[in-house]
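Participant: Show me the folded form of this:
(2 chains)
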Amino acid sequence: SQQGEEDPQALSIQEGENATMNCSYKTSINNLQWYRQNSGRGLVHLILIRSNEREKHSGRLRVTLDTSKKSSSLLITASRAADTASYFCEYQYNNNDMRFGAGTRLTVKP
Amino acid sequence: DAGVTQSPTHLIKTRGQQVTLRCSPKSGHDTVSWYQQALGQGPQFIFQYYEEEERQRGNFPDRFSGHQFPNYSSELNVNALLLGDSALYLCASSIAGRMNTEAFFGQGTRLTVV
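Facilitator: This next block holds a predicted model:
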């Protein structure tokens, strides 16, 4: 498969709770990006984290990158019903090859 | 400033036919990447065009081909359509081959092969 691992595949939480999604990849990367997708339409870029960075924040989003474990996590704090969507990581290998994870389907219940 | 635009939004084709999908990148972007997304899965990279040349290609057969024009817009062509080609086709634009740069996605073209 071309896709990396993303877990969980599906996550259901209550509004106000935090949501954590994980992404793993296989070899060295240049950067990793997280995207959001609503209802099978276009992807919206959330955060780009470079291989020499360990953590980035954007509003209620926090992304970490652990290159020793070849994994990244996306944390959404104080979730809202409007955060319901699919979340994907995309990683760019050192040869510029790019791959998406399989995605996590997040449902936030009001 | 228009973002990435794709046309058409929906398309129904018959098995064996050929299809052309179009993408106009965000203003100032010179790189276009195409992805195929089957229902319930993550996008799969098809290929990337930069300076009117195919720079990288994913694991897709030669039935999938593309083109980039001098104005940076791009086309994706699929020949001899199979039922399995039914998917959402996404176009993303970026700058200079996407080294550590953000990509902007269009809303996609939903292709159904019957």
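
Participant: quick one: low-confidence ranges for the chain?
Facilitator: Using chain A. A:1-4, A:40, A:95-96 (pLDDT under 70).

Participant: That was the other one, I meant chain B.
Facilitator: B:1, B:97-100.

Participant: Apply 50 and report the result again.
Facilitator: Across chain B, nothing is flagged by pLDDT under 50.

Participant: number of nearby residues for residue 71?
Facilitator: If you meant another chain, say so; for now it's chain A. Using other C-beta atoms under 10 Å in any protein chain shown, residue A:71 has 18 other residues around it. The way it works is simple: take the backbone N, C-alpha and C, and place the C-beta from them, glycine included.

Participant: To clarify, I was referring to chain B.
Facilitator: 8.

Participant: How about residue A:53?
Facilitator: Neighbourhood size, residue A:53 [other C-beta under 10 Å]: 14.

Participant: Tell me what the nearest residue to it once chain neighbours are set aside is bridged to.
Facilitator: Counting by C-beta to C-beta, 6 or more residues apart in numbering or on different chains, residue A:65 is the residue found nearest to residue A:53 once chain neighbours are left out, at 6.3 Å. When assigned by DSSP bridges, residue A:65 has beta-bridge partners residue A:72.

Participant: Could I get the contacting residues of residue A:65?
Facilitator: Residues in contact with residue A:65 (C-beta atoms under 8 Å, 6 or more residues apart in numbering or on different chains) are A:32, A:49, A:51, A:53-55, A:71-72.

Participant: and these, which are buried?
Facilitator: Listed as buried from these are A:32, A:49, A:51, A:71-72; burial here means 16 or more other C-beta atoms under 10 Å in any protein chain shown.

Participant: picking up where we left off before, now the contacts of residue A:65 in JSON lines, with distance to residue A:61 and secondary structure?
Facilitator: Below are these laid out as JSON lines (distance: C-beta to C-beta, whole Å; DSSP: H, G, I helix; E, B strand; the rest coil):
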{"residue": "A:32", "distance to residue A:61": "14", "secondary structure": "strand"}
{"residue": "A:49", "distance to residue A:61": "11", "secondary structure": "strand"}
{"residue": "A:51", "distance to residue A:61": "19", "secondary structure": "coil"}
{"residue": "A:53", "distance to residue A:61": "14", "secondary structure": "coil"}
{"residue": "A:54", "distance to residue A:61": "15", "secondary structure": "coil"}
{"residue": "A:55", "distance to residue A:61": "11", "secondary structure": "strand"}
{"residue": "A:71", "distance to residue A:61": "17", "secondary structure": "strand"}
{"residue": "A:72", "distance to residue A:61": "12", "secondary structure": "strand"}
